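**Student:** Need coordinates for the below:
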Amino acid sequence: MSEASRAKKRKNDRKVVALTAVAVFIICLIASIVFILDRTPEEEDNGTVTGEPVTEQREEKQIYNPLTGESGFSASAVGERPVAFMINNAPSARPQWGLCTPDIVIEGLVEGSASRMMWIYADPESVPEKVGSMRSARHDFLEIAQGLDAIFVHWGGSTYAYDALANSGYDHLDGIYLGSAYAHRDNTRNVAIEHRGYVIGSEIRELIESKGFRTQVKSDAAEPFEFVKDGDRTLSGGDCLQVTASFSSYYSHTFKYDSRTGLYTNYMGETSMTQDGGETMTAKNVIILYTPITSMGDSLGCIDMDLTGGSGLYISGGKYETISWEKGSDAYAPLKLYSENGEELVLNAGKSWIGLIPKTRESRTVIAANASDFV
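**Tutor:** All right, here's what the predicted structure looks like:
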């Protein structure tokens, strides 16, 4: 073979090699593209090819209101201190502004055989724009608020309440010293001036921030009560379609059960308790705590509720059961509820009314098991 022929053959060989290399590269490129496009997102995440899609089950964690046990509580309110308001229950103060809004209503006796309420909110943001009518503090209510680590809002106070506030330095807001910028009067009501006072929720939150109050709840008060987390439990006692609890000859409540809603409607006498606007107050849990009452021996007739502990009743879901309770002599001790077996009471999730009923009027508590028993 001539030199020219050999040179031509070498040239042709190089072309074949080059074309072969290009063909191999193109085949590899196509195969890579097909492989990438055929992968599932799960395979990309895990770095493995299984041929089956990988599914991940994620359950959204429920957040529960520490005072009602209900789900859907605001994440921003978790760990926040509750806020407690002293509320007037005199006939001239009704209907109250915001009666249906608190998580817990605690009601107890004051001087003159009258009752007074303390409304408690786990989430300060849930306090409505108008709350009242506001009334003066009593030392017993302050002690319950202290046990819940609640910021205490009131308008005036007894000598004993002011002494307790001064000695403890407890975080509180007093309408007497807030001035008209924050302590308001509704003069559209033709009643005595002490029955017209109210505060505004957003302004109370503003004051709490401006005064630099601690806003994180103490750990021992973060979950004061135990609740059923799924559905309701059936109470161990008998039927209770209606219950009457008496503070005095002038102040008594009757709660009537509505099986359609699972709630008890609150009445004073034959008149339903309503908030301004007409909405009727209801409660999932009615809790009656019997407490000895003694006179403070002053000219005003102030009284002292013994908060160390005692017996009581728990009513919910058309049933009732007997319970016990304690708080002890320490003002900052939490209020605790117990079943008959001595274990912590488990409440059904929902709003509660707690009545501190004089022990001397325990026999006046009336439970109706049937509609025919209603008076």
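**Student:** Can you give me the neighbour number for residue 272?
**Tutor:** 17 (other CB atoms under 10 Å). Backbone N, C-alpha and C define where each C-beta goes, glycine included.
**Student:** for it, what are its contacts?
**Tutor:** Residues near residue 272 by CB atoms under 8 Å, 6 or more residues apart in numbering: 265-266, 280-281.
**Student:** Show the buried residues in those residues.
**Tutor:** 265-266, 281 (16 or more other CB atoms under 10 Å).
**Student:** Out of those, list just those in strands.
**Tutor:** 265-266 (DSSP state E).
**Student:** So which of the buried ones among the contacts of residue 272 is the closest to residue 120?
**Tutor:** The closest of these to residue 120 turns out to be residue 281 (CB to CB; 14.6 Å).
**Student:** where in the stretch 1-150 of the chain is pLDDT low?
**Tutor:** 1-60 (pLDDT under 70).
**Student:** which residues of it fall in helices?
**Tutor:** All helices of the stretch 1-150 of the chain, identified by DSSP state H, counting those that start in this stretch, fall at 3-38, 41-46, 139-147.
**Student:** OK, contacts around the residue nearest to the spatial centre of the chain?
**Tutor:** The chain has residue 67 as the residue nearest its centroid, 3.6 Å off, counting by CA atoms, centre = their mean. Listed by CB under 8 Å, 6+ apart, the contact set of residue 67 reads 82, 103-104, 120-122, 224-225, 352.
**Student:** tell me which element residue 205 is part of?
**Tutor:** helix 201-210 (DSSP states H and E).
**Student:** After that helix, which helix or strand is next?
**Tutor:** Sequence-wise, the next helix or strand downstream of helix 201-210 (DSSP H and E) is strand 226-227.
**Student:** which helices and strands sit right next to the helix or strand just after that next one?
**Tutor:** Downstream of strand 226-227, the next assigned helix or strand under DSSP H and E is strand 242-246. Contact partners of strand 242-246 among helices and strands, from 3 or more CB pairs under 8 Å, 6 or more residues apart in numbering; DSSP states H and E: strand 252-258, strand 285-291, strand 352-358, strand 366-368.
**Student:** Throw those strands into a markdown table and include distance to residue 343, thanks.
**Tutor:** Formatted as a markdown table, the helices and strands packed on strand 242-246 follow (distance: least, CB to CB, whole Å):
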| stretch | distance to residue 343 |
| --- | --- |
| strand 252-258 | 25 |
| strand 285-291 | 16 |
| strand 352-358 | 19 |
| strand 366-368 | 23 |
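**Student:** how about the closest residue to residue 241 other than its chain neighbours, what does it touch?
**Tutor:** Once flanking residues are discounted, residue 241 sits nearest to residue 257: 4.7 Å by CB to CB, 6 or more residues apart in numbering. Residue 257 makes contact with 240-242, 263-264, 318, according to CB under 8 Å, 6+ apart.
**Student:** of these, closest to residue 201?
**Tutor:** For those, the closest approach to residue 201 (CB to CB) belongs to residue 263, at 24.0 Å.
**Student:** who's in contact with the residue lying closest to that closest one once chain neighbours are set aside?
**Tutor:** Nearest in space to residue 263, with sequence neighbours left out and distances taken as CB to CB, 6+ apart, is residue 282 at 4.0 Å. If you count contacts by CB under 8 Å, 6+ apart, residue 282 has them with 100, 258, 261, 263-266, 351.
**Student:** Tabulate the residues you listed (JSON lines), appending distance to residue 88.
**Tutor:** Compiled in JSON lines, the contacts of residue 282 are given as follows (distance: CB to CB, whole Å):
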{"residue": "100", "distance to residue 88": "16"}
{"residue": "258", "distance to residue 88": "27"}
{"residue": "261", "distance to residue 88": "28"}
{"residue": "263", "distance to residue 88": "24"}
{"residue": "264", "distance to residue 88": "22"}
{"residue": "265", "distance to residue 88": "21"}
{"residue": "266", "distance to residue 88": "16"}
{"residue": "351", "distance to residue 88": "20"}
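**Student:** From those, list the buried ones, please.
**Tutor:** Using 16+ other CB under 10 Å as the burial test, the contacts of residue 282 include 100, 263-266, 351 as buried.
**Student:** can those go into CSV with extra columns for distance to residue 147?
**Tutor:** Listed next are those as CSV, based on distance: CB to CB, whole Å:
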residue, distance to residue 147
100, 24
263, 26
264, 25
265, 29
266, 24
351, 19
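**Student:** If we only consider the residues you listed, which is nearest to residue 111?
**Tutor:** Among the buried ones among the contacts of residue 282, and counting by CB to CB, the member closest to residue 111 is residue 266, at 23.2 Å.
**Student:** Tell me what the closest one is bridged to.
**Tutor:** On the basis of DSSP bridges, residue 266 is bridged to residue 255.
**Student:** residues in contact with it?
**Tutor:** By CB under 8 Å, 6+ apart, residue 266 lies in contact with 253-255, 272-273, 280-283, 353.
**Student:** picking up where we left off before, closest to residue 206 out of the buried ones among the contacts of residue 282?
**Tutor:** Once CB to CB is applied, the member of these that ends up nearest residue 206 is residue 100, at 23.9 Å.
**Student:** Which single one of the contacts of residue 67 is nearest to residue 301?
**Tutor:** Out of the contacts of residue 67, the member with the shortest distance to residue 301 (by CB to CB) is residue 120, at 26.3 Å.
**Student:** Leaving out sequence neighbours, find the closest residue to residue 350.
**Tutor:** In space, residue 350 is closest to residue 284, 2.4 Å off (CB to CB, 6+ apart).
**Student:** roughly how far apart are that neighbour and residue 170?
**Tutor:** To residue 170, residue 284 is 30 Å away according to CB to CB, to the nearest Å.
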